[in-house]
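Trainee: Have a look; sequence and predicted model below, questions after that.
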Amino acid sequence: YNKLVIVLIYYILYKMLIKELMDAKYLDVSKSIGGWVENRRNNGEKFFFISLRDGSSVNNLQLLFNEENFSDVENYKMCYDSFSRNSSISVTGKLVKSVADGQEYDFIVTSGILYGGIDEKYPLIKGRLPLDYLRGIPHLRTRTRTFQLLFMLRNTLQLETHNFYNNNGFYHIATPLITTNDCEGAGETFNISNTLGKEGEKRPFFGEHAHLTVSGQLHVEPYAHAFKRVYTFGPTFRAENSNTSRHLAEFWMIEPELSFINFTELMDNMENYLKYMISIVLEKHSDIIDFFDNYYEKGLKERLINYRDNSFKRVKYEDCLSYIENKIKNKKIKINPDGETKLSDNGKLTLKNPIVFGDDLGSEIEKYLVKEFGNLPLFVTHFPKSLKSFYMKTNTENSNLMDAVDFLVPNVGELMGGSMREENIETLLSVMEEKGVPSENLEWYLDLRRNGTVPHGGYGVGFERLIQFMTGIKNIRDTIPFPRFPGGCFA
């Protein structure tokens with residue numbers, strides 16, 4: 001009897017999700033729904049409509065309020081007077097087939113409860129608000145249509161990332177966020193200043209200098225020597241004073257490592273991952289892509305389909321330089337020493353200086369190359385040793401090059417970066433000395449080369465840039481719940 005009472009109370013109090021209601025199509029069955037008022041339309045004092053959202057579905061639920069359907073007239077009057085836009089409510093009623101054009105179902109309300117109204121200073125006024133304005137209220141912007149759909153998509157991309165790697169024989173490894181190593185060697189780390197001991201006898205909390213990680217790659221490599229295929233997926237931190245639309249101080253990285261592979265197989269895995277994610281998004285969230293196509297990047301859906309259905313070109317760094325040099329000779333690219341390297345909206349590239357071997361390509365040149373090579377994602381390979389990190393494999397045919405790759409995509413630039421890892425300890429030690437990387441804190445990393453070393457490689461995917469690529473959102477600060485950047489740490 002007690003169990004029966006508990007079950008009955010649960011079903012009486014349980015507020016269904018809109019997605020649950022619509023998927024199961026509970027027609028003419030009394031149900032309760034909780035959510036927030038998206039919009040309201042009155043039709044006299046005895047009849048009005050509300051569009052209800054609860055975050056579970058791309059589509060809102062249309063509520064129909066008719067005084068005749070309420071047994072308690074006072075309750076109807078409360079609903080009429082208090083259910084304003086963005087207020088939080090719950091209603092009880094029945095789902096029915098709609099008689100209106102373009103509307104599949106209506107929810108006929110028989111009673112309602114107001115949980116929370118809206119302050120008169122509530123900043124989300126009716127109508128579309130600019131993203132830079134919403135960026136200043138990250139705790140509220142998720143209530144807008146754009147951010148509801150964007151974070152639904154982010155959730156799917158996160159889930160399907162795990163599915164892709166698990167379905168391809170990878171193990172997920174949780175690497176530490178606190179480390180004594182700077183994987184990228186740039187020194188742009190957030191230092192941990194906590195200490196132990198009395199005043200005058202202070203010592204570092206961890207016994208030595210430590211900071212927040214810039215990459216999980218070094219820590220996931222040992223597991224690639226035990227499981228062959230592994231990946232880590234988590235937040236990373238860069239204390240880089242950059243205020244561009246492509247950089248964050250805190251962002252998420254996907255970092256797979258694979259043993260017993262070659263360079264071609266590494267790039268195959270990178271391409272397969274992106275095509276899988278595109279296919280999933282088009283399959284599961286076609287309506288979300290339609291929204292971003294309509295409001296943020298015209299032609300987005302068509303381009304994603306094109307990326308899914310075509311192979312990606314692989315071009316060597318030196319061939320890119322030759323390509324640009326020929327364009328300069330043919331006056332297709334201009335040099336302006338007094339200006340900045342810039343790609344115009346019509347695809348014309350202007351360089352501040354001619355580009356030479358050893359120069360970083362930079363985002364403007366990367367976007368130009370993508371456009372020139374079919375406007376498809378593009379692998380640029382075999383970079384100068386001076387541009388890449390110490391752990392990347394020296395090319396066996398040209399010791400000035402590394403078997404490294406930048407994976408560039410339209411409108412974003414670099415989405416992934418990867419390389420074969422140097423498995424030969426003598427070569428690795430030589431490169432570390434050449435680049436001024438001390439070996440003291442990396443003896444554990446060198447042990448991997450001393451004991452059962454194998455050919456292996458890996459790459460990193462900037463997760464927020466992936467979201468930019470999938471949605472056409474221009475500023476990376478709009479792809480993460482609470483963006484961290486120089487001068488900005490809201491809440």
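Mentor: Cool, the structure landed.
Trainee: which residue ranges form the strands in the stretch 51-200 of the chain?
Mentor: For the stretch 51-200 of the chain, the strands defined by DSSP state E, counting those that start in this stretch cover 61-66, 88-97, 105-116, 171-172, 178-179, 195-196.
Trainee: So for Glu423, which of the ones you listed sits nearest?
Mentor: strand 171-172 (20.3 Å; Cβ to Cβ). Where C-beta positions appear, they are placed from N, C-alpha and C, glycine not excepted.
Trainee: strands paired with that closest one, and their directions?
Mentor: Sheet pairing of strand 171-172 (DSSP bridges) gives strand 229-237 (parallel).
Trainee: burial count for Ile288?
Mentor: Residues lying near Ile288 (other Cβ atoms under 10 Å) number 19.
Trainee: Got the phi and psi for it?
Mentor: Torsion angles at Ile288 (phi, psi; degrees, to the nearest 10) stand at phi -70, psi -40.
Trainee: Skipping adjacent residues, who's closest to it in space?
Mentor: Spatial nearest neighbour of Ile288, chain neighbours left out: Leu149 (4.8 Å); criterion: Cβ to Cβ, 6 or more residues apart in numbering.
Trainee: Show the pLDDT at the one you found.
Mentor: Per-residue confidence (pLDDT) for Leu149: 97.
Trainee: swap in Ala186?
Mentor: pLDDT at Ala186 comes out at 61.
Trainee: now Ser57
Mentor: 91.
Trainee: wouldn't it be in contact with Lys19 here?
Mentor: Yes: at 4.2 Å, Ser57 and Lys19 qualify as touching, with contact defined as Cβ atoms under 8 Å.
Trainee: and those two? which has more neighbours close in?
Mentor: Applying other Cβ under 10 Å to Ser57 and Lys19 shows that Ser57 carries more neighbours, namely 18 against 15.
Trainee: contacting residues around that one?
Mentor: Leu17, Ile18, Lys19, Met22 (Cβ atoms under 8 Å, 6 or more residues apart in numbering).
Trainee: ok, back up a step: okay if I get the strands of the stretch 51-200 of the chain as CSV plus distance to Arg465?
Mentor: Listed next are these as CSV, based on distance: least, Cβ to Cβ, whole Å:
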stretch, distance to Arg465
strand 61-66, 34
strand 88-97, 34
strand 105-116, 36
strand 171-172, 21
strand 178-179, 23
strand 195-196, 36
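Trainee: So which of those is the most surrounded?
Mentor: Among the strands of the stretch 51-200 of the chain, strand 61-66 has the highest mean neighbour count (mean count of other Cβ atoms under 10 Å), at a mean of 21.
Trainee: Neighbouring strands of that strand in the sheet, and parallel or not?
Mentor: Strand 61-66 has the following strand partners under DSSP bridges: strand 47-53 (antiparallel), strand 105-116 (parallel).
Trainee: With respect to Asp72, which of the strands of the stretch 51-200 of the chain lies nearest?
Mentor: Evaluated with Cβ to Cβ, the strands of the stretch 51-200 of the chain place strand 105-116 nearest to Asp72, the distance being 6.7 Å.
Trainee: What sits closest to Phe107 if chain neighbours are left out?
Mentor: Sequence neighbours aside, Leu63 is the residue nearest to Phe107 in space, at 5.0 Å (criterion: Cβ to Cβ, 6+ apart).
Trainee: If I look at that neighbour, what pLDDT would I see?
Mentor: 97.
Trainee: That one and Gln103 touch, don't they?
Mentor: No: with contacts counted by Cβ under 8 Å, Leu63 stays clear of Gln103, the gap being 11.8 Å.
Trainee: Tell me how far the residue nearest to Phe107 lies from Leu124.
Mentor: 20 Å (Cβ to Cβ, to the nearest Å).
Trainee: Can you show me the helices along the stretch 201-350 of the chain?
Mentor: 217-227, 263-284, 286-295, 300-309, 317-329 (DSSP state H, counting those that start in this stretch).
Trainee: any idea of the mean pLDDT in the longest one?
Mentor: Throughout helix 263-284, pLDDT has a mean value of 98.
Trainee: Same check on the first one?
Mentor: The average of the pLDDT scores along helix 217-227 is 96.
Trainee: So which other helices or strands are in contact with it?
Mentor: Packing partners of helix 217-227 (3 or more Cβ pairs under 8 Å, 6 or more residues apart in numbering; DSSP states H and E): strand 229-237, strand 250-259, helix 443-450, strand 456-462.
Trainee: Could you rerun that using 10 Å?
Mentor: Counting contacts by 3 or more Cβ pairs under 10 Å, 6 or more residues apart in numbering; DSSP states H and E, helix 217-227 packs against strand 171-172, strand 229-237, strand 250-259, strand 413-421, helix 443-450, strand 456-462.
Trainee: again, but for the fourth one
Mentor: Here helix 300-309 touches helix 263-284, helix 286-295, helix 463-471, going by 3+ Cβ pairs under 10 Å, 6+ apart.
Trainee: Could you find the closest non-adjacent residue to Lys97?
Mentor: In space, Lys97 is closest to Tyr105, 6.4 Å off (Cβ to Cβ, 6+ apart).
Trainee: From Lys15, how far out is that neighbour?
Mentor: Counting by Cβ to Cβ - Tyr105 and Lys15 are separated by 18 Å.
Trainee: Same check on Ser389?
Mentor: For Ser389, the distance to Lys15 (Cβ to Cβ) stands at 51 Å.
Trainee: neighbour count winner among those two?
Mentor: Ser389 (22 against 15).
Trainee: helix, strand or coil for that one?
Mentor: coil (DSSP: H, G, I helix; E, B strand; the rest coil).
Trainee: from memory it sits against Leu428, does it?
Mentor: No: contact between Ser389 and Leu428 fails when scored by Cβ atoms under 10 Å: they sit 11.3 Å apart.
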